[in-house]
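Visitor: Pasting a predicted model and its sequence here:
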Amino acid sequence: MAQPQNTAEQSVDQKTIVSMRNVNKWFGQFHVLRDINLSVDKGERIVVCGPSGSGKSTLIRCLNRLEKHQDGDIFVHGIELNNDVKNIDEIRREVGMVFQHFNLFPHLSILENCMLAPIWVRKTPRAEAEEIAMHFLTRVKIPEQASKYPGQLSGGQQQRVAIARALCMQPQLMLFDEPTSALDPEMIKEVLDTMVELADDGMTMICVTHEMGFARRVADRVIFMDEGQIVEQNEPEAFFNNPQSDRTKLFLSQILGH
Amino acid sequence: MVATILGLALITIGRLGKAGYVSGAFGDLALVAGVCGWLVILFAAVLAVFAIDFDLEAIDTRDWGGLLITLVVAITGIVASLPLGILLALGRRSEMPVARFLCTVFIEFWRGVPLITVLFMASVMLPLFMPEGVNFDMLLRALIGVTLFSAAYMAEVVRGGLQAIDKGQYEGADAVGLSYWQSMRLIILPQALTHVIPGIVNTFIGLFKDTALVSIVGIFDLLGAAQSTLADAAWSTPVQGLTGYLVVAVIFFVFCFGMSRYSMFMERKLNRSHKS
């Protein structure tokens, strides 16, 4: 079936991949996102940092409807994110996500994990899906693990498979939710290297992480969130060397101090 | 004849829909038409088989008896209650309030009444509600009652399995763009059902033994066959009853133990593919 076209006003080669306007979200009484305004262009690499509970994971989870926002608009790749299931499905096809705890499917082999979405969502024929899967597994440097099961791989390898699985859908935007927070220090480097390569190849990405070295290396913009608000956003050099707000200064002293 | 042609036509529409020649909402309609086509063909096939005269005497279900009845009731109950139980479990966990309400009511009602009551209701009360002349086959009534009863238990077992699956699996499936039914079929149910194989087989074994209750409503099952030998003077001995019941117990044990061993085989086979 032909890919459904967007409405006439929005052309497919949008420059703005993400547009969030006055987004608010509550978990019951708790106001977790307050008046978020954010715009991400094609090819931009954003790093979101902040103390725990600041709403950074919730922010990116709203972008692929894993969480529902109650107020404001979110547009991803020109498509409005609302209760319309067709919109949600279209957006999820264009947005790839990598989770803190990998969320690989343990009953399928690595290759099948990567082939699943192209076959069932994009209706790609099996042989072509296998080629795509092997291509991306090679890109994350673990093609030899293709017939193994997730339980047999190390954490760093599993996370790289998760990245490959997201890439197999060839998304316009990649979301990373603390991808290295559950990994041993030795494995963090291999995953970060993969992400750096991905960034250098021009993938638009929004990354929630505590890895400030990665932010310095790769980010076009660093966003600091606290208590549901975007407190400050700037280019990495300006952000780290010249923080404007007191809360940012406090956070940076804690995270960079040791 | 007509049914076959109609069925083939519907299947062709279904295939075209699948191949993408029909767009949008008509595509979904085409797929539905395809499924209906297969059902029509199946119906026509069954009619054709019944139309052939094998020159055998038709035996009314009232005359069936013994191990055959036990196996028919148990196998039908097992085969039908598992898919129904899965659907009920999914419905109970659904976000749609109507589906959730209906499934909860169904499950709680059928779990709240004893199987004996269900069988009595089916055999005694159901004819009172039926219009004049409509007479449901006795065995069919028992089959339906047993299936619905067992489906409610199965639903709770499966729901336990669904709850045990890490939320991240649901999220991982959503994030790659799988629809609800795709993620259930490909990701969640394979894992959930593997987790609750002991519970499922438990329910099956319980169901198999519960089929003995149909003797209460006059259906002549294995236990009934054993009991009928007590009245037979030709077999009269001091240990007549003991022998009969012992044999029935051994037969039940063989089937139930067989199911239990098969479940261990399934678990081992599925664990090998998990390798976690």
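Guide: Noted; the coordinates are in hand. Numbering: from 1, shown residues only, chains lettered A, B, ... in the order given.

Visitor: alpha carbons only for contacts and neighbour counts from here, please
Guide: Will do.

Visitor: What does the pLDDT read for the residue lying closest to A:Ile60 once chain neighbours are set aside?
Guide: Nearest non-adjacent residue to A:Ile60, counting by Cα to Cα, 6 or more residues apart in numbering or on different chains: A:Leu175, 6.8 Å away. With respect to pLDDT, A:Leu175 scores 96.

Visitor: same deal with A:Asn6?
Guide: 46.

Visitor: Pick out the least confidently modelled helix or strand of chain B, by mean pLDDT.
Guide: Sorted by mean pLDDT, DSSP states H and E, the helices and strands of chain B end with helix B:2-19, the least confident at a mean of 70.

Visitor: How about the residues of chain A by chain B?
Guide: Counting by Cα under 8 Å from any Cα of the partner chain, chain A comes close to chain B at A:1, A:64, A:66, A:89, A:92-93, A:95-97, A:101, A:103-108, A:117, A:120-121, A:149-152, A:166, A:169.

Visitor: buried subset of those?
Guide: Listed as buried from the residues of chain A next to chain B are A:64, A:66, A:89, A:92-93, A:95-97, A:101, A:103-108, A:117, A:120-121, A:149-151, A:166, A:169; burial here means 16 or more other Cα atoms under 10 Å in any protein chain shown.

Visitor: Pull out the buried positions in stretch B:120-136.
Guide: B:Phe120, B:Met121, B:Ala122, B:Ser123.

Visitor: What's the mean pLDDT across it?
Guide: The predicted model gives stretch B:120-136 an average pLDDT of 77.

Visitor: coming back round to it: which strands or helices does the least confident helix or strand of chain B pack on?
Guide: helix B:24-51 (3 or more Cα pairs under 8 Å, 6 or more residues apart in numbering or on different chains; DSSP states H and E).

Visitor: can you pull out the helices in the stretch 1-150 of chain A?
Guide: A:56-63, A:85-94, A:110-120, A:126-139 (DSSP state H, counting those that start in this stretch).

Visitor: what's the most buried one of those?
Guide: helix A:110-120 (a mean of 24; mean count of other Cα atoms under 10 Å in any protein chain shown).

Visitor: Just want the angle from that helix to helix A:85-94.
Guide: Angle, helix A:110-120 to helix A:85-94, by axes from the mean of the first three to the mean of the last three Cα atoms, to 10 degrees: 140 degrees.

Visitor: Which residues does helix A:110-120 contact?
Guide: For helix A:110-120, the external contacting residues (Cα atoms under 8 Å, 6 or more residues apart in numbering or on different chains) are A:104-105, A:124-126, A:129-130, A:132-134, A:145-150, A:161, A:164-166, A:168-169, B:176-178, B:182.

Visitor: Next up, the contacts around residue 136.
Guide: All of this is about chain A. Shown in contact with A:Phe136 (Cα under 8 Å, 6+ apart): A:Ala164, A:Arg165, A:Leu167, A:Cys168.

Visitor: Switch to chain B, please.
Guide: Contacts of B:Phe136 by Cα under 8 Å, 6+ apart are B:Pro127.

Visitor: Could you look up the SS state of A:Val222?
Guide: Put simply, A:Val222 is strand when judged by DSSP: H, G, I helix; E, B strand; the rest coil.

Visitor: before we move on, the earlier item: isn't the residue nearest to A:Ile60 right up against A:Gly96?
Guide: Yes: under the criterion of Cα atoms under 8 Å, A:Leu175 makes contact with A:Gly96 at 6.1 Å.

Visitor: How about residue 183: what's its closest non-neighbour residue?
Guide: Went with chain A since none was named. A:Gly155 (6.1 Å).

Visitor: Switch to chain B, please.
Guide: If the residues on either side of it in the chain are set aside, B:Ser183 comes closest to B:Ala173, at 5.8 Å by Cα to Cα, 6+ apart.
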